[in-house]
Structures are given as structure tokens and as C-alpha cells.
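*Asks:* my questions concern the predicted model and sequence given below.
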Amino acid sequence: MTEKRWHILVSGIVQGVYYRASTEQEARKIGITGYARNLPDGRVEIIAEGTDRQLLQLKEWCHQGPPAASVDAVEVSEQSATGEFSEFGVRY
């Protein structure tokens with residue numbers, strides 16, 4: 001199983017609705033490492049490392065997010081995995 005790294009940008013009503021905390025819970029459940037953080041422009045940035053299957057599962061979840069979120073777009077760019085993360089967390 002080859003690990004990949006995805007840089008995910010989520011836009012819409014995604015700040016102040018527990019999007020980062022919910023992403024952390026989902027990513028840990030799936031077994032993904034990395035982090036989620038708010039960006040100054042109102043988007044949430046996610047750096048995620050895992051297998052294709054795990055990353056696709058997280059991407060599917062990102063389109064919905066937590067109940068209070070309203071997602072307009074999910075942009076994904078693939079990068080080389082670094083293995084720098086031991087777990088998934090929230091950054092501030």
C-alpha cells in the first residue's frame with residue numbers, strides 16, 4: 001500500500017461550524033495522518049497522508065462535512081507523501 005499526500009482546500013461555510021474538529025475525528029477513524037486548519041480567506045486547508053482508498057474516503061466526507069457546514073467546493077492536489085505525521089490533528 002503506497003501512501004500518498006493530498007492537499008485539500010474546502011470552501012463554503014466551513015469555519016465556525018466544527019469543520020476542523022470533525023475532519024480530525026473522521027481522519028482518525030479512517031487512519032489518515034496530517035492536519036486541518038483555517039485559512040484567512042475562509043477556506044479550510046487539509047493536508048492528508050494515507051492510501052488511495054483512505055484519501056478517497058476522506059474526500060467524500062469533505063463534500064458533506066459536519067451538519068452545520070455548507071460546502072461549495074473541494075479542491076485536491078496530489079503531492080509526494082513525506083511520512084512526517086504520526087497522527088491527524090487540528091492546527092491553529
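*Replies:* Sure, I can see it.
*Asks:* now the most centrally placed residue in the chain: which helix or strand?
*Replies:* Geometric centre of the chain, nearest residue: Ile46, 3.8 Å, by CA atoms, centre = their mean. Using DSSP states H and E, Ile46 falls within strand 44-50.
*Asks:* please apply the same query to Gly12.
*Replies:* strand 4-13.
*Asks:* direction included, what does that strand pair up with?
*Replies:* Looking at strand 4-13 with DSSP bridges, its partner strands are strand 44-50 (antiparallel), strand 70-79 (antiparallel).
*Asks:* and of those strands, who's closest to Arg91?
*Replies:* Set against Arg91 and scored by CB to CB, these come closest in strand 44-50, at 8.8 Å. (Each C-beta comes from the backbone N, C-alpha and C, glycine too.)
*Asks:* the nearest residue to Ser86 once chain neighbours are set aside and Glu49, how far apart?
*Replies:* The spatially closest residue to Ser86, leaving aside those adjacent along the chain, is Thr33, at 6.6 Å (CB to CB, 6 or more residues apart in numbering). Between Thr33 and Glu49 the computed distance is 5 Å (CB to CB, to the nearest Å).
*Asks:* can you check Ser70 too?
*Replies:* 27 Å.
*Asks:* which of the two has more neighbours?
*Replies:* Neighbour comparison, Ser70 and Glu49: the larger count goes to Glu49, with 22 against 10 (by other CB atoms under 10 Å).
*Asks:* which residues does the more buried one contact?
*Replies:* Counting by CB atoms under 8 Å, 6 or more residues apart in numbering, Glu49 touches 3-6, 32-34, 81-83, 85.
*Asks:* kindly recompute the last result at 6 Å.
*Replies:* Residues in contact with Glu49 (CB atoms under 6 Å, 6 or more residues apart in numbering) are 3, 5, 33-34, 81.
*Asks:* nearest to Ala21 among those residues?
*Replies:* Nearest to Ala21 among the contacts of Glu49, counting by CB to CB, is Gly34 at 14.5 Å.
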